[in-house]
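Asks: What follows is a predicted protein model with its sequence.
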Amino acid sequence: MNHLIRTVRNPISRRFNDDIDTMFEGFFRPLRWVDEEAAGEGQAPRLDVVERNNEFVVKAELPGVKKEDIDVSVENGVLTINAETRSETEEKEGDRVIRQERRYGKYVRSLRLGKAVDEKKVKASYRDGILELILPKAEEVKPKKISVDVG
C-alpha cells in the first residue's frame, strides 16, 4: 500500500524550499575577515593574509609569472593584484604534445581590507613565484577632546 502513496509538491512549496536552500548556501564555509571581490575572467591566485599590530602581510602564489608582468594597486582600501603568464609554446616539426597541465593566462584578485591602509607606504617583493606585500595600517583618527568654558 505504501507504494501507492505519492507526494505532490505544489509550486509555492518548491519556491519556499529553493529560497531556504539559497539562504543557507555557503553557510558552512569558513568565515574570512576579507571580502573577496569578483575575479573576472582570470584565475584567482591563492593568498595568505596576516594582520599584525601595524600592518597587513599578504603573500600571493604567482607561479611562472615574471616580475614585469605583475601589477599591484591599492585604492580606497581595496587591494588588487593583476598578473599574467604566457605560454612557452615552441613547437618543432615532429613534436607532439602528450600532456599539458601548466596553466597560462591572467591572475586577478581583489580584496577589501578591514581597515584603512597607508597607500603611500606599501612595499612589494617577488621571489620564487611568491609576491609578498607589506601594507602598513593608516594612522587612525583619534578623537580630539574639546574643553568647554563655563561662563
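Replies: Structure's in. What do you need? Residues are numbered from 1 along each chain as shown.
Asks: So which residues of the chain form helices?
Replies: For the chain, the helices defined by DSSP state H occupy 11-24.
Asks: Name the helix or strand of the protein that has the lowest mean pLDDT.
Replies: Least confident helix or strand, the chain: strand 35-36 with a mean of 42, by mean pLDDT, DSSP states H and E.
Asks: wait, what's in contact with Asp48?
Replies: Shown in contact with Asp48 (C-beta atoms under 8 Å, 6 or more residues apart in numbering): Val57, Val58, Lys59. Quick note: C-beta positions are derived from backbone N, CA and C, even for glycine.
Asks: Among the residues you listed, which one is most surrounded by other residues?
Replies: The residue in these with the most neighbours, by other C-beta atoms under 10 Å, is Val58 (23 neighbours).
Asks: Point out where this protein drops to low pLDDT.
Replies: 1-42, 89-91, 114-115, 141-144, 151 (pLDDT under 70).
Asks: Please name the bridge partners of Ser110.
Replies: For Ser110, the residues forming beta bridges with it (DSSP bridges) are Thr80.
Asks: pretty sure it is touching Asn76, no?
Replies: No - in this structure Ser110 lies outside contact range of Asn76 using C-beta atoms under 8 Å: 11.3 Å.
Asks: what about these two, which has more around it?
Replies: Ser110 (18 against 8).
Asks: What distance do you get for the more buried one to Leu47?
Replies: 11 Å (C-beta to C-beta, to the nearest Å).
Asks: next one: Lys137
Replies: Per C-beta to C-beta, Lys137 is found 18 Å from Leu47.
Asks: Tabulate the contacts of Asp48 (TSV), appending distance to Glu101.
Replies: Compiled in TSV, the contacts of Asp48 are given as follows (distance: C-beta to C-beta, whole Å):
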residue	distance to Glu101
Val57	30
Val58	27
Lys59	24
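Asks: which one of the residues you listed sits closest to Arg99?
Replies: Lys59 (29.6 Å; C-beta to C-beta).
Asks: what about the residue nearest to Glu140 when sequence neighbours are not counted, how many residues close to it?
Replies: Computed as C-beta to C-beta, 6 or more residues apart in numbering, the closest residue to Glu140 that is not its neighbour in sequence is Ala116, at 7.7 Å. Residues near Ala116, counting by other C-beta under 10 Å, number 13.
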